[in-house]
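A.B. asks: here is my input; please provide its structure:
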Amino acid sequence: MNEFKFEQDLVRALLREQHPDLADLGLRDVNGGWDNQLWRLGEELAVRLPRTERAPALLHTEQTWLPVLADLLPLPTPTPVRIGKPSSLFEHTWTIARWVEGEPADHAPITRIDAAEILAEFLGVLHRKAPADAPANPVRGIPLAGLQVERDSWFEVINDYATAAAALAVWEKAVAASPWQGAPLWLHGDLHPANVVVRDGMLAGVIDFGEMCAGDPATDLSAAWILLPAGAASRFFDAYEQADEATITRARGWAVLRALGLIGIGRNGRLGLPGGKPTWEPAGYATLERVLAAN
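C.D. replies: This is a model prediction of the structure:
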């Protein structure tokens, strides 16, 4: 399934076919979305249709597991309330979920330093022991040493960056840190600025749980530098209370890795290349600056 845009007429037809009680609610296109295209349905709901090859599996993960945790979490999430079934109109499953009010952080960054406690509370609740059948992820929640094979190609994106060597040093220190020894914990798996929403400078919701998995919490803890304003990371870890020095070191490595991804995708957007998101590039560089300032 190649990435493309579906039209509102399809969404309206699917609603009439499977959820006729919602079919007359207002329907508005929403900018953004990577694997799934999004519409706002009425004031409280959203429709998500998968539009990339990997999207149906991600949506299935969210449909299956987010409802298990959503009522426990202290921030709003796009909890599925209806599941759309494959039909002659659309061959994949799709979702009607709760709308989470706010602006994505790649457009409206978190500016309040007390967001550190909000994020720490959220992750403190989420990071509980996952069941044996929780999904695994080949590139999230795993030992960083397992990702080393791609290191050189990742760092190419900042070859001209003045502190590229310092970023590489943070990465190498994270790879060398003691690995996670505890039970696999529930992870969001994809905490970056486009996957949280902000109101008045404060973290106001967490979205896009398709990468939910079990593993090392350091993957999520990288959000201390990816999402929060400069100087907030130490305040975050004081509030989180559960991260030892090795875990924080691994989290910094994950933050560097995620920054490189943001910069690469953002640069593609700036250059007008397919799949690019221009707002991600400054978010990626800001992440690097915050990580390196922690040295």
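A.B. asks: please make it C-alpha for all contacts and neighbour counts, starting now.
C.D. replies: OK.
A.B. asks: show me where pLDDT drops low in the stretch 1-150 of the chain?
C.D. replies: In the predicted model, the stretch 1-150 of the chain carries pLDDT under 70 at residues 1-4, 149.
A.B. asks: quick one, helices of it?
C.D. replies: Assigned by DSSP state H, counting those that start in this stretch, the helices in the stretch 1-150 of the chain fall at 8-18, 55-69, 115-126.
A.B. asks: tell me the angle the longest one makes with helix 115-126.
C.D. replies: It refers to helix 55-69. 90 degrees (axes from the mean of the first three to the mean of the last three Cα atoms, to 10 degrees).
A.B. asks: buried residues of helix 55-69, list them for me.
C.D. replies: 55-56, 58-63, 65-66 (16 or more other Cα atoms under 10 Å).
A.B. asks: so which elements touch that helix?
C.D. replies: Here helix 55-69 touches strand 80-84, strand 94-98, going by 3 or more Cα pairs under 8 Å, 6 or more residues apart in numbering; DSSP states H and E.
A.B. asks: parallel or antiparallel, list what pairs with the first one.
C.D. replies: Using DSSP bridges, the neighbouring strands of strand 80-84 in the sheet come out as strand 94-98 (antiparallel).
A.B. asks: next, the angle from the strand it pairs with to helix 8-18.
C.D. replies: Relative orientation of strand 94-98 and helix 8-18, computed by the same axes, to 10 degrees: 90 degrees.
A.B. asks: hang on, the earlier thing: turn the helices of the stretch 1-150 of the chain into CSV, columns for distance to residue 49.
C.D. replies: As requested, the helices of the stretch 1-150 of the chain are exported to CSV (distance: least, Cα to Cα, whole Å):
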stretch, distance to residue 49
helix 8-18, 8
helix 55-69, 9
helix 115-126, 26
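A.B. asks: to residue 138, which of these lies closest?
C.D. replies: helix 55-69 (13.3 Å; Cα to Cα).
A.B. asks: only C-alpha atoms, please: export the closest one in PDB.
C.D. replies: Extracted as PDB, the C-alpha positions of helix 55-69 are listed here (Å, rounded to 0.1, in the frame of the first residue of the first chain):
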ATOM      1  CA  ALA A  55       0.200   0.800   8.900                       C
ATOM      2  CA  PRO A  56      -2.400  -2.000   9.300                       C
ATOM      3  CA  ALA A  57      -0.200  -3.900  11.700                       C
ATOM      4  CA  LEU A  58       0.500  -0.700  13.700                       C
ATOM      5  CA  LEU A  59      -3.200   0.100  13.900                       C
ATOM      6  CA  HIS A  60      -3.900  -3.500  15.000                       C
ATOM      7  CA  THR A  61      -1.400  -3.100  17.800                       C
ATOM      8  CA  GLU A  62      -3.100   0.100  18.900                       C
ATOM      9  CA  GLN A  63      -6.500  -1.400  18.700                       C
ATOM     10  CA  THR A  64      -5.500  -4.400  20.700                       C
ATOM     11  CA  TRP A  65      -3.400  -2.900  23.500                       C
ATOM     12  CA  LEU A  66      -4.100   0.800  24.000                       C
ATOM     13  CA  PRO A  67      -7.600   0.100  25.600                       C
ATOM     14  CA  VAL A  68      -5.800  -2.200  28.100                       C
ATOM     15  CA  LEU A  69      -3.800   0.800  29.500                       C
END
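A.B. asks: give me the residues contacting it.
C.D. replies: 35-36, 50, 79-80, 83, 92-95, 126, 135, 208-212 (Cα atoms under 8 Å, 6 or more residues apart in numbering).
A.B. asks: quick check on those residues: which are buried?
C.D. replies: With burial judged by 16+ other Cα under 10 Å, the buried subset of the contacts of helix 55-69 is 35-36, 50, 79-80, 83, 92-95, 126, 208-212.
A.B. asks: farthest pair within those residues?
C.D. replies: So, the buried ones among the contacts of helix 55-69 by Cα to Cα: farthest apart are 92 and 126, at 28.6 Å.
A.B. asks: what about the helices in the stretch 151-295 of the chain?
C.D. replies: 151-155, 164-176, 218-221, 223-226, 233-240, 245-270, 280-293.
A.B. asks: and the fifth one, average pLDDT?
C.D. replies: Pointing back at helix 233-240 there. Taken as a whole, helix 233-240 has an average pLDDT of 98.
A.B. asks: got the angle for it vs helix 280-293?
C.D. replies: 80 degrees.
A.B. asks: ok now helix 233-240, how far from the chain's centre?
C.D. replies: In this view, helix 233-240 has its centroid 20 Å away from the chain centroid, taken as Cα atoms, centre = their mean, to the nearest Å.
A.B. asks: in it, which residues are buried?
C.D. replies: Neighbour-count burial for helix 233-240 [16+ other Cα under 10 Å]: 233, 235-237, 239-240.
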